[in-house]
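Participant: 3D, please:
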Amino acid sequence: MRAFHLLLVASFTIATAGPAYAAGRSLKGGDLETYARLLDARALAEEKLSSPGGLSRRASIEAEFQAALKEAGWSTDRFEQARDIVDTAIAYLDAVKEDPASANDFWAGNEQVDSTTIDQVKGRRAQLDGAPERARQALREQQVTEMFGRPASKSDLQGTWKRDAMASKAHIMSAMHMDEAQALEFLKVQVEQTLTFSGDQVESRQTVNGKTDAYRGTYQVSGREVAFTYGKRTDKLQVGVKSPRELVFGYMGIPSGVYVKQ
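Facilitator: As a prediction, the model looks like this:
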């Protein structure tokens, strides 16, 4: 009788102890950490697919994600199973936050996830929720790199550089995913320009419609931005190193020309 009484007390304690995690599916060892890395890769792939021209590059974009899976030793099925577990854990945590009294009812309509996994997901919630924004930032950085190359330093700029019409067209077509007609329309204002950098000094010689103007002044470069100062006037442009003999200049994040070292 005493044993039965103790059993009743124990059962009552479990039933009234508040929201309880259910035993069930789990992520073992470092699986959640691996999943978080792959979630970033998946978010980046989805961001690329939704960007201009993304659907036409679906095969290569998906191949990049498959390469990330292979490096981690995971299959697509394993990733999707882990995503379902994590999404269910997040839904449970949201249900508890919204209405703690109904938390125990959550598992009536959902496949169970164990308590350790739910606690791990809770601890990484900010990281998991931040995947889409990190993907947007990574894609923006990739797009800027495609358009301008790596950031330029003062030593990169030294020497004389001339705008190359053919190289500019080819770069615009590649970086901005344009066909030849679109690139020619984009570059319809043909400008012949030579830039000479020497120390802190810069000379710009520009020819438009047969008229040549020359400007001399100073410049400062920081990352992908260069500021030219001619007297009281300062012009700011983007600049990047496409190759050791090619610079890309642009304005407001859009490349305007490739300049070849002379």
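Participant: tell me the contacts of the closest residue to Ala82 other than its chain neighbours?
Facilitator: Spatial nearest neighbour of Ala82, chain neighbours left out: Tyr35 (4.4 Å); criterion: C-beta to C-beta, 6 or more residues apart in numbering. Backbone N, C-alpha and C define where each C-beta goes, glycine included. With contacts taken as C-beta atoms under 8 Å, 6 or more residues apart in numbering, Tyr35 has the following neighbours: 27, 79, 82-83, 86.
Participant: need these in CSV (columns: pLDDT, secondary structure and distance to Tyr259).
Facilitator: What follows is those, written out as CSV (pLDDT from 0 to 100; DSSP: H, G, I helix; E, B strand; the rest coil; distance: C-beta to C-beta, whole Å):
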residue, pLDDT, secondary structure, distance to Tyr259
Leu27, 93, coil, 52
Phe79, 97, helix, 44
Ala82, 96, helix, 48
Arg83, 97, helix, 46
Val86, 97, helix, 48
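Participant: those residues: which two are farthest apart?
Facilitator: With C-beta to C-beta as the measure, no two of the contacts of Tyr35 lie farther apart than Leu27 and Phe79, at 11.6 Å.
Participant: on that earlier part again, buried among the contacts of Tyr35? Need that as a selection in PyMOL.
Facilitator: Applying 16 or more other C-beta atoms under 10 Å to the contacts of Tyr35, the buried members can be selected in PyMOL as follows:
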select buried, resi 27+79+82+86
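Participant: could you dump the contacts of Tyr35 to CSV with distance to Gly199?
Facilitator: Formatted as CSV, those follow (distance: C-beta to C-beta, whole Å):
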residue, distance to Gly199
Leu27, 58
Phe79, 54
Ala82, 56
Arg83, 55
Val86, 56
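Participant: pick the one among the contacts of Tyr35 closest to Gln262.
Facilitator: Distance ranking of the contacts of Tyr35 against Gln262, using C-beta to C-beta, places Phe79 first at 51.1 Å.
Participant: show me the contacts for the spatially closest residue to the closest one that is not a sequence neighbour.
Facilitator: Once flanking residues are discounted, Phe79 sits nearest to Leu38: 5.6 Å by C-beta to C-beta, 6+ apart. Listed by C-beta under 8 Å, 6+ apart, the contact set of Leu38 reads 68-69, 72, 74, 79.
Participant: now rank the residues you listed by neighbours and give me the top one.
Facilitator: Phe79 (20 neighbours; other C-beta atoms under 10 Å).
Participant: count of neighbours near Lys188?
Facilitator: For Lys188, using other C-beta under 10 Å, the count is 7.
Participant: that one and Asn209: what is the separation?
Facilitator: 13 Å (C-beta to C-beta, to the nearest Å).
Participant: first-to-last residue distance for stretch 98-108?
Facilitator: 17 Å (C-alpha to C-alpha, to the nearest Å).
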